[in-house]
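Peer 1: I need the structure of the sequence given here:
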Amino acid sequence: MSENIEYRLVSGVVDYESCLSIRRVVFVEEQNCPEAEEYDGLDHEALHYLGFYRGVAAVTSRVRYLDMQTAKFERLAVLKEQRGLGLGRGMLEYVLSCIAASGRRRVVIHAQSHLCGFYREFGFMAQGEEFVEAGIKHYYMQLDMAE
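Peer 2: Numbering: from 1, shown residues only. Now for the predicted structure:
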């Protein structure tokens, strides 16, 4: 990991508010997701992650543990100014290692259709038909991690 990049589990109000701010910019403002769908009332049951580039919050995601075997990776968002630096990839790698450490062996996502190739690089497989969520085309994808 570059000394200019840091990922961590959110543990305080300031970091949590940074996550919400990044999500607002990316999903609500850029992608026109309805605010009620973005802030779905599930944040309280999720683990939130934040990534920094040169000390500035730039990427976020959240994970919800659905059961003893399954985690749902959600809300991966990178600020436009820092896209192309590998921050999304680094965040996913970091979070997958955290999920593996929790003992979960299955990770599911609702991937925006144009990002399916990105997730396939990590071993996620699309399942079922394309669907629309928050006005954006998605696929349900699943990763079964090795024991």
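Peer 1: what about the closest residue to Glu37 other than its chain neighbours, distance to Arg104?
Peer 2: In this structure, Glu37 finds its nearest non-sequential neighbour in Ala134, 4.5 Å apart by Cβ to Cβ, 6 or more residues apart in numbering. Yep, even glycine has a C-beta here, placed from its N, CA and C like the rest. The spacing between Ala134 and Arg104, counted by Cβ to Cβ, to the nearest Å, is 25 Å.
Peer 1: who's more crowded, those two?
Peer 2: Arg104 (20 against 17; other Cβ atoms under 10 Å).
Peer 1: using the three-state scheme, assign that one.
Peer 2: The local conformation at Arg104, judged by DSSP: H, G, I helix; E, B strand; the rest coil, is coil.
Peer 1: check contacts around the closest residue in space to it that isn't next to it in sequence.
Peer 2: Counting by Cβ to Cβ, 6+ apart, Arg104 lies nearest to Ala71, which is 4.5 Å off, once chain neighbours are set aside. Ala71 makes contact with Val63, Arg64, Tyr65, Ile99, Ser102, Arg104, Arg106, Val107, Val108, according to Cβ atoms under 8 Å, 6 or more residues apart in numbering.
Peer 1: now render those as a markdown table, adding pLDDT and distance to Glu130.
Peer 2: Converted to a markdown table, these look like this (pLDDT from 0 to 100; distance: Cβ to Cβ, whole Å):
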| residue | pLDDT | distance to Glu130 |
| --- | --- | --- |
| Val63 | 98 | 24 |
| Arg64 | 97 | 22 |
| Tyr65 | 96 | 26 |
| Ile99 | 96 | 25 |
| Ser102 | 93 | 30 |
| Arg104 | 94 | 26 |
| Arg106 | 97 | 21 |
| Val107 | 98 | 20 |
| Val108 | 98 | 16 |
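Peer 1: neighbour-wise, give me the winner out of the residues you listed.
Peer 2: Val107 (25 neighbours).
Peer 1: surely that one is within a strand?
Peer 2: Yes. Counting by three-state DSSP, Val107 is found in a strand.
Peer 1: ok, Ala71 to Leu9 distance?
Peer 2: Here Ala71 is placed at a distance of 14 Å from Leu9 (Cβ to Cβ).
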